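K.L.:
just the structure for this:
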Amino acid sequence: MVNVLLTRPLTQVVALEALVADSGHQPLLFPTLEIKALEASIERKQYDAVIFISANAVVHGMKILAQISYSSVFAVGAATAKKLNDYNISVDDFPQEKASSEALLSLESVSCLQNKKILIFRGKGGRETLKIGLEKTHNQVTYAQVYDRVICTLSELHKQSLKGFLSDSQGFISITSNENLDGLMILAKQLKHLDNLKNYPLIVLSERIKQYAHSCGFSQVIVTQDISDQAIASVLEQDNTLD
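P.N.:
Got it, this is the predicted structure:
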């Protein structure tokens with residue numbers, strides 16, 4: 001059994017926490033971000049297509065979605081598509097393998113969009129890759145920024161979880177986004193343990209996060225097979241260092 005530091009927001013970590021525990025390892029909660037709803041404004045009431053960039057975008061975008069008409073719905077990946085299905089929203093298409101803006105743009109159903117009015121539901125800030133790609137085919141693209149990711153305030157939970165995690169020289173840290181990693185580094189620095197954490201392997205969801213982690217000084221980074229809680233748990237099951 002090894003310690004696994006889980007850095008997702010507390011409202012989104014329950015399923016992964018259970019999977020880690022079921023696999024025989026010790027989940028330790030170290031939330032780095034809080035998700036806060038934003039009041040977004042929209043330019044019109046009718047769109048040819050709407051795109052959801054995350055499950056959070058679905059949860060916080062329902063109010064606006066109910067106010068507009070649209071012809072097609074796209075999701076950035078399977079988890080986002082599932083969340084839309086949970087709200088009884090039919091999804092026209094989404095990348096079946098890795099979830100990413102690049103994978104979404106490569107779908108035939110998306111690449112054929114031309115001269116359309118498209119609304120992207122997302123969090124505040126973030127990459128411009130999807131918008132730029134869609135504009136290459138003369139689409140008019142606007143954002144509904146429906147939530148923000150705010151770095152957590154240091155708490156007793158952070159102190160106790162990190163103390164427990166660092167008590168063992170073996171362990172893994174789960175990271176789901178660059179912003180998530182930024183939050184980890186800020187909080188760990190406040191606790192004066194950032195250098196210690198860099199000795200542990202990270203489990204991340206994409207090559208992009210891996211590259212960013214390397215640039216931040218984390219040398220051991222494992223990329224999951226897909227973007228799911230089960231994929232994170234699978235890394236724990238397969239890694240030889242757990243024997």
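K.L.:
the helix or strand of the chain with the lowest mean pLDDT packs against which elements?
P.N.:
One helix or strand of the chain scores below all others by mean pLDDT, DSSP states H and E: helix 229-238, with a mean of 89. Packed against helix 229-238 by the contact rule (3 or more C-beta pairs under 8 Å, 6 or more residues apart in numbering; DSSP states H and E) you find helix 14-22, strand 171-174, strand 202-204. The way it works is simple: take the backbone N, C-alpha and C, and place the C-beta from them, glycine included.
K.L.:
one more pass at 7 Å, please.
P.N.:
With contacts taken as 3 or more C-beta pairs under 7 Å, 6 or more residues apart in numbering; DSSP states H and E, helix 229-238 sits against helix 14-22.
K.L.:
so which bits of the helix it packs on are buried?
P.N.:
By 16 or more other C-beta atoms under 10 Å, the buried positions in helix 14-22 come out as 16-17, 19-20.
K.L.:
residues touching the closest residue to Ser54 other than its chain neighbours, list them.
P.N.:
Spatial nearest neighbour of Ser54, excluding adjacent residues (C-beta to C-beta, 6 or more residues apart in numbering): Thr80 at 5.8 Å. Thr80 is in contact with 52, 54-55, 58, 94, counting by C-beta atoms under 7 Å, 6 or more residues apart in numbering.
K.L.:
same deal with Cys152?
P.N.:
By C-beta under 7 Å, 6+ apart, the residues touching Cys152 are 31-34, 183, 187.
K.L.:
which of those residues sit farthest apart?
P.N.:
Glu34 and Leu187 (12.2 Å; C-beta to C-beta).
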